[in-house]
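Undergrad: any chance you can model this:
(chains A, B and C)
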Amino acid sequence: MGKLAPALRKVHDLLLATYGPQHWWPGETPFEIMAGTILTQAASWGNAEKAIANLKRAGALSPQAIRDLPMSELATLLYPSGCYNAKAEKLKALAAWLGNAGDRPEIAFGKNTATLRKELLAVHGIGPETADSILLYAATKPVFVIDTYTRRIIHRLGLGSRDEKYDVLQQLFMGNLPVKAALYNEYHALLVRLGKEACRTTPHCDRCTLAELCPKKT
DNA sequence: ACCCAGGGTCATA
DNA sequence: TATGACCATGGG
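TA: Below is the predicted model of the structure:
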């Protein structure tokens, strides 16, 4: 456990006391969660949800169905989430990868975390944040997800530079907190919740929930 | 009329 | 390794 363990715990506890449990990731099946991680890329969750609803309505929320759909029809279903042609390619790649495990995420998730992460990163459309979101929220692996909100908040708290590498930020959390999926799940969701509230619009944390923890402005 | 949203890929230097 | 264009819709 590193030196910043107390600070990071304090942030978590304050956020949890303020906002309560976030109940992430919304989604009824592992595959729905996996699809969601791709559809929400650079898109609001609301728009991603519309695309998921379209897939459900079309009976296309399964790897097999996505492989069978023509690209143009798949893209049409994804329209509300933006970047729909790019995302159609990404879902095709995800569905192809799941095919290697007999279309059963539980089988794929049986591999050790490091191996699984490498495989996910090799899939077109899956980068570090998406891979880790899948590992944490679909596979329930203890992996901390780093997103743009997290970067900003860590910087505001004076715990890291703005352009820190992904792996470094991830280690900041995983080296200072118990390695538990339930904790990482809630923590990341709370950081996103906070990011939506105030930490984006205020140059300093005056209006922010974490104001008491932030360095005071000079 | 911008800027951003629970990013990632690809081309270029 | 490190920027920048691009994907593209919808809400503030």
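
Undergrad: mind pulling up the pLDDT for the residue positioned nearest the centre of chain A?
TA: When Cα atoms, centre = their mean is applied to chain A, the residue found nearest the centroid is A:Ser133 (3.8 Å). Listed pLDDT for A:Ser133 reads 98.

Undergrad: is the strand or helix carrying it up against DNA strand B anywhere?
TA: Following DSSP states H and E, one finds A:Ser133 within helix A:128-133. Yes. For helix A:128-133, a contact with DNA strand B is found by Cβ under 7 Å from any atom of the strand, at A:128-131, A:133. C-beta coordinates here come from the backbone N, C-alpha and C atoms, glycine included.

Undergrad: which strands or helices does that helix pack on?
TA: Helices and strands touching helix A:128-133, by 3 or more Cβ pairs under 8 Å, 6 or more residues apart in numbering; DSSP states H and E, are helix A:30-39, helix A:113-121, helix A:166-174.

Undergrad: ranking the ones you listed by burial, who's on top?
TA: Of all these, helix A:30-39 has the most neighbours on average by mean count of other Cβ atoms under 10 Å, namely a mean of 23.

Undergrad: what is the subsequent helix or strand relative to whichever strand or helix holds A:Leu77?
TA: Element membership for A:Leu77, per DSSP H and E: helix A:71-78. On the C-terminal side of helix A:71-78, the closest following helix or strand by DSSP H and E is helix A:84-99.

Undergrad: surely A:Pro142 touches A:Leu177?
TA: No. If you go by Cβ atoms under 8 Å, A:Pro142 and A:Leu177 don't touch, sitting 9.5 Å apart.

Undergrad: list the residues that contact both of these two?
TA: Common contacts of A:Pro142 and A:Leu177 (Cβ atoms under 8 Å, 6 or more residues apart in numbering): A:183-184.
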